[in-house]
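> structure for the following, please:
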Amino acid sequence: MSRETTEIDAQIKGRTSKGRAVLSWLLAASMTATSRRCALLTRRLLLLARQSVIAAEQCFFVH
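Next comes the predicted model:
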């Protein structure tokens, strides 16, 4: 696993509780990808999704 992949995985596993089960499932699915490039792109998408969940939670909890 590349350093970038490891860092992205660590961020995906972050602090948010909502959506964690879905993100965990998608992460597991990305690990079965036949292509490392495909797996890395999937991880990047998961990170973006996680960041979106965090932003949405912060928006709802702040207001």
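> mind pulling up the pLDDT for Arg15?
On pLDDT, Arg15 comes in at 53.
> offset the numbering so it begins at 17, please.
With the count now opening at 17, the last piece we talked about shows up as Arg31.
> what residues of the lengthiest helix in the chain count as buried?
Longest helix in the chain by number of residues, with DSSP state H as the criterion: helix 52-78. Neighbour-count burial for helix 52-78, counted by 16 or more other CB atoms under 10 Å, picks out Ala55, Leu56, Thr58, Arg59, Leu62, Leu63, Arg66, Val69. (Each C-beta comes from the backbone N, C-alpha and C, glycine too.)
> now those as JSON lines including distance to Arg19?
Putting these into JSON lines (distance: CB to CB, whole Å) gives the following:
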{"residue": "Ala55", "distance to Arg19": "14"}
{"residue": "Leu56", "distance to Arg19": "11"}
{"residue": "Thr58", "distance to Arg19": "17"}
{"residue": "Arg59", "distance to Arg19": "13"}
{"residue": "Leu62", "distance to Arg19": "17"}
{"residue": "Leu63", "distance to Arg19": "15"}
{"residue": "Arg66", "distance to Arg19": "19"}
{"residue": "Val69", "distance to Arg19": "25"}
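> Phe77: which of those is nearest?
Val69 (12.3 Å; CB to CB).
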